[in-house]
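J.: Structure here, sequence nowhere to be found:
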């Protein structure tokens, strides 16, 4: 039965176009990072673009920023049954928990490893490109590709994937999986900023507990010479080994928790749903008990329809308000906004110390630090909701009613643009307030807003 | 009066959804009935300005619906077969918004008409609740309310009774028939009773073609004395009858298979005369046009 779940899930994954799109992302980035001189984490210099140091760095950074892919593959594997409401069909069959959870997990793991193997193939293919700088390429050593892939990427997939899988299995809500991903990332960045800000070079413990390994790798290879960087792989010892062991352990714990706590019963799994249904039924009944409607001579009030530029204007405002309202009433929006606020406040706190010298937290400094840090978030929100707004009607399947409204096409388009602008303006104002707030928290009250 | 002339539509995949359909639809309830995939929804989407026909025209009291999309949308009330809602919006807010979209810009009138519709569709008590929490029936009633906004002169409702319980269905049909006396209402369904109970005229379409158009009662009268029934026990018996007569339908009656056939004279052989009903009309015309 394990095999059936495993193969079913695998088949589903490899039939879906998104799996191949996911594969292309690491492939292309690794490809260009190796084949061009200044793209990617390894810039100009004498370090081999496909040497052990360069490959480990590329794999490490791309795996860290590719965490979203891990969430996107592991999360849905378990949530699918609850989103599509197939859980009632599934949990009325005699299936074993190990086969169900294990099959889904294992297939997601294999899929994700395949997706990230794009790093290896991309980096290899990059080395053969005619335009690549020969002086910065070493001959192909398979172990240089395989060792970092196994010890960095595969461990990372195991640990993060299991964590996402666990949260998805236990909460069965995509919002929470999403939130967890963003929160982990923000926490990590905060940790990163605070470790760097301490300016200590003794970073053994931060290295061991560095979940994405960025600090750890920097710490291990800090004093390596160019020759070392071009010939040596990170040894499976010291901080590196401890770090990998710790996070593999966390991965195992997450799997154990998922297995121990996942209820194999449609009743428990669907309890939130059925209590919702019961509430609906009660409300329905309450609605029924009202005054019986008239059978004859039902007349709806007559209205006058006015069309013209004044109406178009009102339609534009109403449409914009609806779109704005829909964005700010969604949990992901608040998650991103909240994390942005925390992140901005934290970086504002450390802004007072540039290069180890304490400087006055004057308004220009705070605002520039804070706006620099929040720029990324504003771009994320912009990209996320621009896509969302274009497909909004189709997503909620309201497009047929929407498209048959007497609303000008350009007004519809402009309303999307206005709603997005409004959202960004609100967030930017929040950032401004955060900047001032962190200035105030440093005890410096000379606000220069002009 | 809605005049549909020679409408045809072939989808990019090569599916011929409508082939040369012409209809004259007077004010009142007009039922479109046909099996799944007959082209009902395609016809309705063309009338609701969502699809462009390949050939043909549709005019409502002289207004060309295909060419003048914006004007058409102003006088249209449309309930698609499947639709979703913005989950976080309440019914009253959403209806208000849609009322503005339909050009009801006077706020007093808007309030009055939105409240009237909420009451008529029995959503008054849940008007402030988010639409995402609505049950299937409540959502359908919201769909009906939005289709009736702004006194539409052309109402197109695609399978409106799907998902409604019998009481809700009754209430909705009442509402629709009392509103639809002076405007053109086109209702598609695959429930034959809906058409018989409700519609002053109807059309049967199948595989994109118009099979029959007329007044439901008259079409039943045309079959009077020509429907015969007989209980059959074996497959061989059924096959023999199918060879000899045009079979209208086969039903289970108390666990026994009963065949209904069409015959102008008494077929003998143990057949008894049956009271023709609208279902016989429907199946008779469907099977008669089925290519063998």
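T.: Great, that's in hand. Computed from a predicted structure; not experimentally measured.
J.: Buried residues, the helix or strand bottoming out on mean pLDDT in chain B. List them.
T.: Using mean pLDDT, DSSP states H and E, the weakest-scoring helix or strand in chain B turns out to be helix B:166-179, at a mean of 81. Using 16 or more other CB atoms under 10 Å in any protein chain shown as the test for burial, helix B:166-179 gives B:168, B:169, B:171, B:172, B:173, B:174, B:175, B:176, B:177, B:178, B:179. Yep, even glycine has a C-beta here, placed from its N, CA and C like the rest.
J.: and what of stretch B:200-218?
T.: Buried-residue list, stretch B:200-218, by 16+ other CB under 10 Å: B:200-213, B:216.
J.: residue in chain A nearest to chain B?
T.: residue A:397 (3.2 Å; CB to the nearest CB).
J.: Am I right that that residue sits in a strand?
T.: No. Residue A:397 sits outside any strand when classified using DSSP: H, G, I helix; E, B strand; the rest coil, being coil.
J.: confidence score at it?
T.: pLDDT, residue A:397: 85.
J.: That one: neighbour count?
T.: 13 (other CB atoms under 10 Å in any protein chain shown).
J.: That one against residue B:86, yeah?
T.: No. Counting by CB atoms under 8 Å, residue A:397 stays clear of residue B:86, with 10.4 Å between them.
J.: Could you dump the buried residues of helix B:166-179 into JSON lines and include distance to residue A:382?
T.: Below are these laid out as JSON lines (distance: CB to CB, whole Å):
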{"residue": "B:168", "distance to residue A:382": "44"}
{"residue": "B:169", "distance to residue A:382": "46"}
{"residue": "B:171", "distance to residue A:382": "46"}
{"residue": "B:172", "distance to residue A:382": "43"}
{"residue": "B:173", "distance to residue A:382": "48"}
{"residue": "B:174", "distance to residue A:382": "49"}
{"residue": "B:175", "distance to residue A:382": "45"}
{"residue": "B:176", "distance to residue A:382": "45"}
{"residue": "B:177", "distance to residue A:382": "50"}
{"residue": "B:178", "distance to residue A:382": "50"}
{"residue": "B:179", "distance to residue A:382": "45"}
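J.: Out of those residues, which comes closest to chain A?
T.: Closest to chain A, out of all of these and judged by CB to the nearest CB, is residue B:178, at 4.3 Å.
J.: What's the separation between the closest one and residue B:29?
T.: Distance check for residue B:178 against residue B:29: by CB to CB, to the nearest Å, it reads 10 Å.
J.: cool, and residue A:9?
T.: For residue A:9 relative to residue B:29 (CB to CB), the value is 50 Å.
J.: for residue B:93, same thing?
T.: Distance from residue B:93 to residue B:29, by CB to CB: 31 Å.
J.: neighbour-wise, which of those two wins?
T.: Shown here are residue B:93 and residue B:29; by other CB under 10 Å, residue B:29 has more neighbours (26 against 19).
J.: any idea which element the more buried one lies in?
T.: strand B:28-33 (DSSP states H and E).
J.: who are the neighbours in contact with the closest residue to chain A within chain B?
T.: Nearest to chain A, among the residues of chain B, is residue B:84, at 3.2 Å (CB to the nearest CB). Shown in contact with residue B:84 (CB atoms under 8 Å, 6 or more residues apart in numbering or on different chains): A:396, A:397, A:398.
J.: what does residue B:136 give?
T.: residue B:163.
J.: Give me the distance between the residue of chain B closest to chain A and residue A:39.
T.: 43 Å.
J.: Also residue B:231?
T.: For residue B:231 relative to residue A:39 (CB to CB), the value is 81 Å.
J.: Let me know how buried the closest residue to residue B:63 other than its chain neighbours is, in neighbour terms.
T.: Excluding the flanking residues, the one nearest residue B:63 by CB to CB, 6 or more residues apart in numbering or on different chains is residue B:71, at 6.1 Å. Residue B:71 has 16 neighbouring residues, counting by other CB under 10 Å.
J.: and what of residue A:432?
T.: 17.
J.: for chain A, what helix or strand is lowest in average pLDDT?
T.: Min over SSEs of chain A, mean pLDDT, DSSP H and E: strand A:353-354 (a mean of 52).
J.: Just checking: what are the partner strands of the strand holding residue B:29?
T.: strand B:184-189 (parallel), strand B:201-206 (parallel) (DSSP bridges).
J.: Could you list the low-pLDDT ranges of the stretch 301-450 of chain A?
T.: A:331-332, A:346-374, A:376, A:442-450 (pLDDT under 70).
J.: my bad, should have said the stretch 151-292 of chain B
T.: In the stretch 151-292 of chain B (pLDDT under 70), the answer is B:290-292.
J.: Run through the strands of it in chain order.
T.: B:154-158, B:184-189, B:201-206, B:209-214, B:227-232, B:247-253, B:256-262, B:272-273 (DSSP state E, counting those that start in this stretch).
J.: Where does the residue nearest to residue B:63 sit: helix, strand or coil?
T.: Per three-state DSSP, residue B:71 ends up helix.
J.: tell me the centre residue of the chain?
T.: Since no chain was named, I'll use chain A. Nearest to the mean C-alpha position of chain A, counting by CA atoms, centre = their mean, stands residue A:68 at 4.1 Å.
J.: should've been chain B
T.: Geometric middle of chain B (CA atoms, centre = their mean) lands on residue B:188, at 1.3 Å.
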